[in-house]
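S.K.: Coordinates only, no sequence provided:
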């Protein structure tokens, strides 16, 4: 649904995108991560036809963003970092305005607005001024406006920034529902747990280049630190386990064994202990998270 090849963009001497390649399959979520200034928003702006690339190609829903921007715009929706709603209007009026801009016609527009108000749980607030809306409600309305024309591709540029945890989870559920219906989503986010929750694939952008790409599970295997923690009921059991297991470290009644996070490693460890009659009281598996991956690949303290 999205195909990017050798995409480049500079502002004077500042190279923002340095030949990136990216592929996003239909009906999936791809999360674009990177530190401040990595080029995430620039990439979204190019793909949504707001900015022209210097070179390279970007195809969205079969249309070239540079050669056929109108066809791209007809197929996409964009929710930016900041709310685009008109605070002088009610929620319903905002949606009706977008329906008119999208040339839906009066009857079809009213029907679509009613559907979206229901879908985004905004029926009771539909005719209230936006000054009465919470931040989460405004972001839901913002996304609803993006969906008025039922786009096949949606760009979400940090859609949950500033929301409380409950509102973030509501937005996650909405995004999951859209993908279930076949919508393709390209997401930029400063919340790495958000990418872990939503994304089928993750691409890490740093210094204008994509430095790693894969599923969240694949990305986590790129960095060391995974281990299995085994707890025992006696010193004798701990000592026996430490002798049996390669590269094991002991701490009181706990033994830690390096692991890639795969089932094979866990099965091997338990089989060796079981064969020797060593009983494990409890165990836990620890794998690197996307924070670890992000820090390892970018050397940065956070994503934006």
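M.R.: Alright, I've got the coordinates. None of these values were measured; they are calculated from a predicted model.
S.K.: Show me where the stretch 1-150 of the chain has its helices.
M.R.: 40-47, 69-75, 91-101, 106-119, 135-146 (DSSP state H, counting those that start in this stretch).
S.K.: how far does the shortest one sit from the chain's center?
M.R.: In terms of Cα atoms, centre = their mean, to the nearest Å, the centre of helix 69-75 is found 23 Å from the chain centre.
S.K.: and it, what's its mean pLDDT?
M.R.: Taken as a whole, helix 69-75 has a mean pLDDT of 95.
S.K.: for it, packing partners?
M.R.: Packing partners of helix 69-75 (3 or more Cβ pairs under 8 Å, 6 or more residues apart in numbering; DSSP states H and E): strand 63-64. Quick note: C-beta positions are derived from backbone N, CA and C, even for glycine.
S.K.: most residues in a single helix of this protein, which one?
M.R.: Criterion DSSP state H: the longest helix present in the chain is helix 165-180.
S.K.: Packing partners of the helix or strand following that helix?
M.R.: Helices and strands here follow DSSP states H and E; after helix 165-180, the next one along the chain is strand 184-188. Applying 3+ Cβ pairs under 8 Å, 6+ apart, one finds that strand 184-188 makes contact with strand 29-33, helix 40-47, strand 153-157, helix 165-180, helix 192-198.
S.K.: Highest mean neighbour count out of these?
M.R.: Each of the helices and strands packed on strand 184-188 was scored by mean neighbour count; the highest is strand 29-33, a mean of 26, by mean count of other Cβ atoms under 10 Å.
S.K.: Let's have the helices of the stretch 1-150 of the chain in TSV, adding distance to residue 12.
M.R.: Formatted as TSV, the helices of the stretch 1-150 of the chain follow (distance: least, Cβ to Cβ, whole Å):
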stretch	distance to residue 12
helix 40-47	14
helix 69-75	24
helix 91-101	34
helix 106-119	42
helix 135-146	32
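S.K.: residues touching residue 232, list them.
M.R.: 238, 241, 253, 254, 255, 278, 279, 280, 281 (Cβ atoms under 8 Å, 6 or more residues apart in numbering).
S.K.: Give me the neighbour count for the last one.
M.R.: Here the number of neighbours of residue 281 (other Cβ atoms under 10 Å) works out to 11.
S.K.: rewinding a little: right, so of the helices of the stretch 1-150 of the chain, which gets closest to residue 188?
M.R.: Evaluated over the helices of the stretch 1-150 of the chain, closeness to residue 188 peaks at helix 40-47, with 4.4 Å, by Cβ to Cβ.
S.K.: can you pull the buried residues of stretch 284-300?
M.R.: Across stretch 284-300, burial judged by 16 or more other Cβ atoms under 10 Å covers 287, 288, 289, 290, 292, 293, 294, 295, 296, 297, 298.
S.K.: Going by distance to residue 135, which of these wins?
M.R.: residue 290 (24.7 Å).
S.K.: Is it correct that that closest one is in contact with residue 215?
M.R.: No - in this structure, residue 290 is not within contact of residue 215 by Cβ atoms under 8 Å, at 11.1 Å.
S.K.: Give me the common contacts of the two.
M.R.: Joint contacts of residue 290 and residue 215 (Cβ under 8 Å, 6+ apart) are residue 202.
S.K.: Enumerate every residue touching residue 94.
M.R.: Residue 94 touches 85, 86, 130, 141, 145, counting by Cβ under 8 Å, 6+ apart.
S.K.: Check the burial of the closest residue to residue 293 other than its chain neighbours by counting its neighbours.
M.R.: Nearest residue to residue 293 in three dimensions, chain neighbours excluded: residue 219, at 4.8 Å (Cβ to Cβ, 6 or more residues apart in numbering). By the measure other Cβ under 10 Å, the count of residues near residue 219 is 27.
S.K.: Can you classify residue 219 by secondary structure?
M.R.: helix (DSSP: H, G, I helix; E, B strand; the rest coil).
S.K.: Quick check: mean pLDDT of stretch 198-216?
M.R.: Per-residue scores along stretch 198-216 average to 93.
S.K.: do the same with stretch 123-142
M.R.: The model assigns stretch 123-142 a mean pLDDT of 91.
S.K.: Run the chain-centre distance for that stretch.
M.R.: For stretch 123-142, the distance to the chain centre is 24 Å (Cα atoms, centre = their mean).
S.K.: May I see the buried residues of it?
M.R.: For stretch 123-142, by 16+ other Cβ under 10 Å, it's 125, 126, 130, 133, 136, 137, 138, 139, 140, 141, 142.
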